[in-house]
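Engineer: Could you look at this predicted model? Sequence included:
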Amino acid sequence: MKIFINGQFFEKKDAKVSVFDHGFLYGDGAFEGIRSYNGLVFKLNEHIGRLFETAHTMMIHIPVTKQQLAKHVVETLKKNNLRDAYIRLIVTRGEGDLGLDPRKCYGKPNIIIITDKIVLYPAELYQKGLEIITVPTMRNHNEALNPQLKSLNYLNNILAKIEANNSGFSEAIMLDGQGYVAECTGDNIFILKDGVLATPYNGRLRGITRDAVLALAAKNKIQTLERLMTRHEIFNADECFLTGTAAEIIPVVRVDGRLIADGKPGKVTQKMMKLFHEMTRKAGVKY
Ligand code: PMP
């Protein structure tokens, strides 16, 4: 496996950055998880756009253009002969002295691209559906650390994931500071009620899969709504599913012990899974 670091390729065992990198010391960096399907990188420009937005807010200057970065992602995939891959694109603030002040860094962000595979859930869960719970760790507030930032500091989500794991679950709902549903630890959440597909607009990362699903639904005459959502509404939804680059679309059939409808993946969920699958085979940056 060849890994891209700042314009050069390294074998996995040699792919290293300094322990003085503030990405390592403080989670001071940004990242993206991207997928390619049969030689097409899905929503590459959208992922790179989100990475640049996170970096801009963090005042990390990415030393290459968006076009160059997209080219490097494609080069890395080609170098590894991967047609179907999970891509991890990382930009850290780079090396610096100890102390969290970014001015202690030497102004040379590290760009790292790893191309590999990922399996988040066993295939049978995509047929049967997932059971999830709500955890006490709430999602970061806009005013503290905006969840739109896809930074290397994922402790908020990791703590929630640990709570899910401790109770025997793989994924969990996180609420925002006001008790509304925000998202899951690594996925966005959707419900279907009376034919309307709804997803929270608050307290969550603006997932690229989420946006793709909203667009696909609209194109297929399914009404969509971004709005506040309570757990009560999820418990009483007709259907529920999660979206994310790694998870893709996965049905949810039980939440906090409550069965969602008849406890089977819903028709619209299955339709969205099919449409999404078709979209990933057709749309993307070719390499
Ligand atoms: N929410 C969180 C917290 C995530 O980490 C992810 C995965 N990036 C998502 C939602 C889904 O986003 P996307 O569809 O862009 O992968």
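Structural biologist: Perfect, I can see it now.

Engineer: For A172, name its beta-bridge partners.
Structural biologist: Beta-bridge pairing for A172 (DSSP bridges): I133.

Engineer: what's the answer for V285, then?
Structural biologist: Judged by DSSP bridges, the bridge partners of V285 are V41.

Engineer: where does it land on pLDDT?
Structural biologist: Looking at V285, its pLDDT is 91.

Engineer: I'd say it and R35 touch.
Structural biologist: No. Between V285 and R35 there is no contact under Cβ atoms under 8 Å: 11.7 Å. For the C-beta atoms, the positions are set from N, CA and C on the backbone; glycine is no exception.

Engineer: Quick check: neighbours shared by the two?
Structural biologist: The contact sets of V285 and R35 overlap at V41 (Cβ atoms under 8 Å, 6 or more residues apart in numbering).

Engineer: Please identify which of those two sits among more neighbours.
Structural biologist: Comparing V285 with R35 by other Cβ atoms under 10 Å, the one with more neighbours is R35, at 23 against 19.

Engineer: all helices of the stretch 51-200 of the chain, in order?
Structural biologist: 66-79, 123-128, 142-145, 155-166 (DSSP state H, counting those that start in this stretch).

Engineer: lowest-confidence stretch among those?
Structural biologist: For those, where the average pLDDT is lowest is helix 142-145, sitting at a mean of 89.

Engineer: what comes up buried for it?
Structural biologist: Within helix 142-145, no residue is scored as buried using 16 or more other Cβ atoms under 10 Å.

Engineer: Run through who's touching it.
Structural biologist: 151, 153, 156, 203.

Engineer: Stretch 71-90 too?
Structural biologist: 1-4, 7, 9, 23, 29-39, 41, 44, 47-48, 51, 64, 69, 110-118, 152, 245-246, 285, 287.

Engineer: now check it, is it near the ligand?
Structural biologist: No. Stretch 71-90 does not reach the ligand (Cβ under 6 Å from any ligand atom); its nearest approach is 10.5 Å.

Engineer: Show me which residues of the stretch 101-250 of the chain sit near the ligand.
Structural biologist: 157, 183, 186-188, 205, 207-210, 243-245.

Engineer: List the contacts of N220.
Structural biologist: N220 touches 271, 275, counting by Cβ under 8 Å, 6+ apart.

Engineer: quick one: it from M272, how far?
Structural biologist: To M272, N220 is 9 Å away according to Cβ to Cβ, to the nearest Å.

Engineer: ok, back up a step: how about the contacts of helix 142-145 in TSV, adding neighbour count and distance to N165?
Structural biologist: TSV is the format used below for these (neighbours: other Cβ atoms under 10 Å; distance: Cβ to Cβ, whole Å):
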residue	neighbour count	distance to N165
S151	20	22
N153	18	20
N156	18	15
G203	23	22
